[in-house]
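In: need coordinates for the following:
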Amino acid sequence: MKKPLTILLSLILVALLGFTGYVWLALNWSYSSGERAGLLQKFSRKGWVCKTWEGELLLTSMPGAIPEKFEFSVRDESIVDELQRNAGRKVVLGYDQHKGLPSSCFGDTEYFVNRVSVFAE
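Out: Below is the predicted model:
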């Protein structure tokens with residue numbers, strides 16, 4: 001009776017370690033990175049259980065064109081402060097894209113902002 005219980009507990013432990021390793025890899029390995037420039041339209045803290053900082057940047061390619069929205073998440077509190085100070089202004093956001101995160105507790109999007117600078121015209 002003890003041997004099947006030991007095997008079951010070992011399998012559960014291996015599965016838990018595998019899942020933990022997957023989450024760590026998804027959060028620390030960047031699929032892509034880059035910069036986006038535009039008007040910081042919306043920035044708020046939202047979520048039912050896991051509160052995350054989410055924002056929306058309006059990207060404009062040329063005057064008169066319909067702007068594209070770039071939705072992003074923020075995990076760093078210093079970047080949160082910077083974005084709150086610059087709401088409604090043109091900014092350049094540096095980001096990393098993390099694909100395959102297992103839940104929205106890390107952020108609603110797969111784009112995580114890691115740099116902010118005010119757009120100099």
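In: low-scoring stretches of this protein, by residue?
Out: 1, 120-121 (pLDDT under 70).
In: domains for it, by residue range?
Out: 1-30, 31-118 (automatic domain parsing).
In: tell me which of those is the most buried.
Out: Most buried of the domains of the chain by mean neighbour count (mean count of other Cβ atoms under 10 Å) is domain 31-118; its value is a mean of 15. In this view, the C-beta of every residue, glycine as well, is placed from N, C-alpha and C.
In: span of that domain from start to end?
Out: 25 Å (Cα to Cα, to the nearest Å).
In: likewise for stretch 83-95?
Out: 13 Å.
In: off-centre distance for it?
Out: 15 Å (Cα atoms, centre = their mean, to the nearest Å).
In: what's in contact with it?
Out: Identification of contacts with stretch 83-95 by Cβ atoms under 8 Å, 6 or more residues apart in numbering yields 33-41, 43, 53, 55, 57, 70, 72, 74, 111-119, 121.
In: could you do stretch 103-114 as well?
Out: 27, 31, 46-47, 49-50, 52-55, 70-76, 79, 83, 93-99, 101.
In: over to stretch 22-36?
Out: 57, 59, 70, 92-102, 106, 110, 115.
In: hmm, try it at 7 Å
Out: 57, 59, 70, 92-102, 106 (Cβ atoms under 7 Å, 6 or more residues apart in numbering).
In: alright, that wraps it up for me.
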